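In: the sequence isn't on hand, but the structure is:
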């Protein structure tokens, strides 16, 4: 192989001039795979040595190596090692949840041609990190990419932890064939990919919320976990999960999480030790730092499903929030999620709505704390009750009764309801007899 690498610098100058432009939201591994396909190089090790100075660069799909070599070869596409990490790799999420010194060490380990054997947060730059993030494919995105640009590419938004459903199409993601992606440059293909397990509507909706939260957590700014922790505790208190934000009831929070996550298949969480159990997720509300981003995302997704605004949690994460004055609690009106209007518009009772939505009765009661949803549900039930009593009175009149006394005996409940709630409507339903036609005593 020494003869193949004899003119490496000359090959870099010639071939890198044809390096494709990275697409928005495309992973670094994906754009390098497109370059490998354009050059028609047979050996993946040659492409890795050409771009990153490493024979095994194709095996580093999530945390790359040799970024200094890549930036020096393509300065017009990648301004620096850090920008390449934050725009086209998992670093857009993970570096944000590291301490400043940890993030600097994690970025430095990607500069050289090999990963230094050091312990980093979240198993960064390790084989376990690669196993936790298998390549995922959205069938709808593959078709859309072929229609728009002529080929499919790896979307960074599909490869992040907790993203098992496409945020754009809502389809469950497929896993790429593991044997073809371990040490080669490949592009997405549904051939040989494994199909996900079946999900019902409620589970798919929770995973879609989770995928959207994870993608919105990505940023190049540092994360204020203390402010985020305080905001989540406030929303938990408003949702009735905890009594006070200073005294967190861990068993109650675990039961609340189990009501949302208990139905999901364990295959979605088994590769992440940080989110395999509800007890680990509650630990993110403690005082320790550098918790796994998936823990925070699960908490935020469950709160969002119950109507908590995601914008408030994202603002708290971006920077310190002004604390409320002592003795003056801030009254926040909780907002119900959009799918709650679909189920509550039927006007059924709380138990039937909970069964149809696949949630507990307490969740439906928290939905009704939204004034708009409560007004819609109340008006629907009132209209249904009015229609029921109207039909009862008309059915009684159809039997040929001639007096109000007979009507009250035949349809007592409907007669009393109209007499108490809508007496004017009752007069329009009843036929006017001769005894009712009396002369007016005044004009």
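Out: The structure has been received and is ready for your questions. A quick note: this is a predicted structure, and the numbers were derived from the prediction, not measured.
In: got a list of what residue 319 touches?
Out: For residue 319, the contacting residues are 224, 227, by CB atoms under 8 Å, 6 or more residues apart in numbering. Bear in mind the C-beta positions are built from the backbone N, C-alpha and C, glycine included.
In: show me the shaky parts of the stretch 151-300 of the chain.
Out: Applying pLDDT under 70 to the stretch 151-300 of the chain flags residues 178-182, 244-247, 263, 265-280, 282-290.
In: now the helices: where do they sit in it?
Out: Assigned by DSSP state H, counting those that start in this stretch, the stretch 151-300 of the chain shows helices spanning 156-159, 178-181, 201-217, 225-238, 250-261, 278-282, 293-305.
In: figure out which of those helices is closest to residue 108.
Out: helix 293-305 (20.7 Å; CB to CB).
In: now tell me what touches the closest one from outside.
Out: 93-94, 96-97, 161-162, 205-206, 209-210, 212-214, 217, 225, 228, 232, 235-236, 239, 256-257, 260-261, 272, 274-275, 280-281, 283-285, 310, 313, 337.
In: my guess is residue 318 contacts residue 224, does it?
Out: Yes - at 7.1 Å, residue 318 counts as touching residue 224 under the criterion of CB atoms under 8 Å.
In: most tightly packed of the helices of the stretch 151-300 of the chain?
Out: Highest mean neighbour count among those (mean count of other CB atoms under 10 Å): helix 293-305, with a mean of 24.
In: report the inter-axis angle for that helix versus helix 225-238.
Out: 30 degrees (axes from the mean of the first three to the mean of the last three CA atoms, to 10 degrees).
In: check the offset of helix 293-305 from the chain's centre.
Out: For helix 293-305, the separation from the chain centroid amounts to 8 Å (computed by CA atoms, centre = their mean, to the nearest Å).
In: got it, and stretch 375-388?
Out: So, by CA atoms, centre = their mean, the centroid of stretch 375-388 is 34 Å from its chain's centroid.
In: in that stretch, what's buried?
Out: 376-377, 386 (16 or more other CB atoms under 10 Å).
In: what's in contact with that stretch?
Out: 341, 344-347, 368, 414, 417, 422.
In: hmm, try it at 7 Å
Out: The contact list for stretch 375-388, computed with CB atoms under 7 Å, 6 or more residues apart in numbering, reads 341, 344-345, 347, 368.
In: repeat for stretch 412-426
Out: 389, 392-393, 407-408.
In: which residues does residue 366 contact?
Out: Applying CB under 7 Å, 6+ apart, one finds that residue 366 lies in contact with 239-240, 306-307, 334.
In: want to try JSON lines for these, with distance to residue 27 and neighbour count as columns?
Out: Converted to JSON lines, the contacts of residue 366 look like this (distance: CB to CB, whole Å; neighbours: other CB atoms under 10 Å):
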{"residue": "239", "distance to residue 27": "36", "neighbour count": "19"}
{"residue": "240", "distance to residue 27": "41", "neighbour count": "16"}
{"residue": "306", "distance to residue 27": "33", "neighbour count": "25"}
{"residue": "307", "distance to residue 27": "34", "neighbour count": "22"}
{"residue": "334", "distance to residue 27": "37", "neighbour count": "20"}
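In: now those in a markdown table, with distance to residue 381?
Out: What follows is the contacts of residue 366, written out as a markdown table (distance: CB to CB, whole Å):
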| residue | distance to residue 381 |
| --- | --- |
| 239 | 24 |
| 240 | 23 |
| 306 | 22 |
| 307 | 20 |
| 334 | 21 |
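In: these: which two are farthest apart?
Out: 240 and 307 (11.8 Å).
In: picking that back up, quick one, which of the helices of the stretch 151-300 of the chain gets closest to residue 429.
Out: It is, among the helices of the stretch 151-300 of the chain and with distance given as CB to CB, helix 201-217, at 41.4 Å.
In: angle of that closest one against helix 225-238?
Out: Using the same axes, to 10 degrees: helix 201-217 against helix 225-238 is 150 degrees.
In: and helix 201-217, what does it pack against?
Out: helix 293-305 (3 or more CB pairs under 7 Å, 6 or more residues apart in numbering; DSSP states H and E).
In: next SSE after the helix it packs on?
Out: Using DSSP states H and E, the helix or strand that follows helix 293-305 in sequence is helix 310-318.
In: contacts only, for the nearest residue to residue 105 once chain neighbours are set aside.
Out: Nearest residue to residue 105, sequence neighbours excluded (CB to CB, 6 or more residues apart in numbering): residue 120, at 6.6 Å. Contact analysis of residue 120 by CB under 7 Å, 6+ apart lists 105-106, 109.
In: okay if I get those as TSV plus pLDDT, distance to residue 9 and secondary structure?
Out: Formatted as TSV, the contacts of residue 120 follow (pLDDT from 0 to 100; distance: CB to CB, whole Å; DSSP: H, G, I helix; E, B strand; the rest coil):
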residue	pLDDT	distance to residue 9	secondary structure
105	90	30	helix
106	91	29	helix
109	92	25	coil
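In: from those residues, which is closest to residue 89?
Out: Nearest to residue 89 among these: residue 106, at 10.8 Å, using CB to CB.
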